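Engineer: Predicted structure and sequence below. I'll ask about it afterward.
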Amino acid sequence: MAAFQAIRSAASLDRSSSLTIGPLDAAHRSAGRIDLTTVLIEPGSAAAPAARPRVSQPAAVPIAVRKPLPKPKAVLRGLASWYVNGTTAMRLPFGTHVRICGRGGCINRVVTDWGPARYLRSRIVDLDPADFVRVTGRWLGKGLAVVAVYVY
């Protein structure tokens, strides 16, 4: 244990006595310690590791999980119209989540505008043109289509 030598240290202010610290006890030695008999391998001189074993993995199967929608608070049935504003307009508070269904399919949207106008009583929702076509399956020239709106 030439790496660890006993040292003497002043243990008091008057320097009349000293404390000797010896080498570490064998119980405190690390299993991976380096001593005079340790052989170090130079970089690049070790044998290359064996090839990584090939393991057959099962094929990944894609799955789609659809979260079930909660029970709607209300269901409104009436006419949908469209207008070029890029919003979903209803006479509901902004931020209300709705599902709009028609002959062409269903979409989920959030109310972001106020409308249709009150004097258009049979209209319940104004949609963006692309949403109108997607939900109703009709071209824009038709103007109106019957839909159901589920309010969440």
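Structural biologist: Nice, thanks for sending it over.
Engineer: what lines up beside the lengthiest strand in the chain in the sheet?
Structural biologist: The residue-count maximum for a strand in the chain (DSSP state E) belongs to strand 74-82. According to DSSP bridges, strand 74-82 forms sheet pairs with strand 123-127 (parallel), strand 145-151 (antiparallel).
Engineer: downstream neighbour of the shortest one in the secondary structure list?
Structural biologist: In other words, strand 123-127. Remark: after strand 123-127, the chain's next helix or strand is helix 129-136, criterion DSSP states H and E.
Engineer: angle of that next one against strand 74-82?
Structural biologist: Counting by axes from the mean of the first three to the mean of the last three Cα atoms, to 10 degrees, helix 129-136 lies at 130 degrees to strand 74-82.
Engineer: So which other helices or strands are in contact with helix 129-136?
Structural biologist: Using 3 or more Cβ pairs under 8 Å, 6 or more residues apart in numbering; DSSP states H and E, the elements in contact with helix 129-136 are strand 74-82, strand 97-102, strand 105-110, strand 145-151. C-betas here are computed from N, CA, C, even on glycine.
Engineer: before we move on, the earlier item: R103 is nearest to which of the strands paired with strand 74-82?
Structural biologist: Closest to R103 of these is strand 145-151 (Cβ to Cβ; 7.3 Å).
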